[in-house]
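S.K.: from the sequence below, what's the structure:
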Amino acid sequence: MPEQAEPLLIKRYASRRLYNTETSDYVTLEDIAGFIRDGREVQIRDLKSGDDLTRQYLLQIIAEHESRGEHVLPVNVLNDLVRSYMVPGGGVMPQFLQASFDMLRDSQEKMVENMSAINPMSQIPGFETLKIQQETFLKAITGGFGTWPAGTTSSSPDTAESEDDLDSIKKQLAELQDKLSKLN
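M.R.: This is a model prediction of the structure:
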């Protein structure tokens, strides 16, 4: 996905409504989460004071997903985050998380580059489908974190087919998890 030079500016009005300055319409937290999943950086500012509220709203998005049972972070990681706030200077957790996500993004980019490079595998019938499924799988297991480099998004003409692939992968993962829990 092409990276935008400027983050998408969202303004918060006194009524707490969020306004997308590019499309001139109101958005929800779920819309903002969608922009981020699509690789767009956002910046949320209070219209009256000009205060940057981005962190507050990003944490709220995570909290809402957690409250719906979509566990983004394991409890031990949440505990470590809370502990890191108790350490003078914030500890090393924020830097560690940033480095981890940077490495994840770099790994994704390298994998896509390797898959996109001219190689004998690209001549095999169905390789493009396999590549699209791999991209979808990686996006599913990383929860949409990170972005794909420009020009490497799936060129599937049917978005519904891509969503069906994702649903299929999720179903297979759930079945595998169920089998593993039965083994334990």
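S.K.: buried set for stretch 64-78?
M.R.: Residues of stretch 64-78 classed as buried: residue 65 (neighbour count, 16 or more other CB atoms under 10 Å). To be clear about C-beta, it is placed using only N, CA and C from the backbone, and glycine gets the same treatment.
S.K.: how far does it stretch from start to finish?
M.R.: 15 Å (CA to CA, to the nearest Å).
S.K.: could you shift the numbering so residue one becomes 57, and keep it that way?
M.R.: Okay, using 57 as the starting number, the last item reads as stretch 120-134.
S.K.: so how many other residues sit close to residue 96?
M.R.: Residues lying near residue 96 (other CB atoms under 10 Å) number 17.
S.K.: what do you get for the one 3 residues further on?
M.R.: Around residue 99 sit 15 other residues, with neighbours defined as other CB under 10 Å.
S.K.: and it, backbone torsions?
M.R.: phi -140, psi 130 (degrees, to the nearest 10).
S.K.: how about the one 3 residues further on?
M.R.: Backbone torsions for residue 102, taken as degrees, to the nearest 10, come to phi -70, psi 130.
S.K.: that one and residue 231, how far apart?
M.R.: Distance of residue 102 to residue 231, computed by CB to CB, to the nearest Å: 46 Å.
S.K.: those two: which is more packed in?
M.R.: Neighbours were counted for residue 102 and for residue 231 using other CB under 10 Å; residue 102 has more, 15 against 10.
S.K.: distance-wise, check the more buried one relative to residue 70.
M.R.: Distance from residue 102 to residue 70, by CB to CB: 9 Å.
S.K.: before we move on, what about residue 110?
M.R.: Distance from residue 110 to residue 70, by CB to CB: 18 Å.
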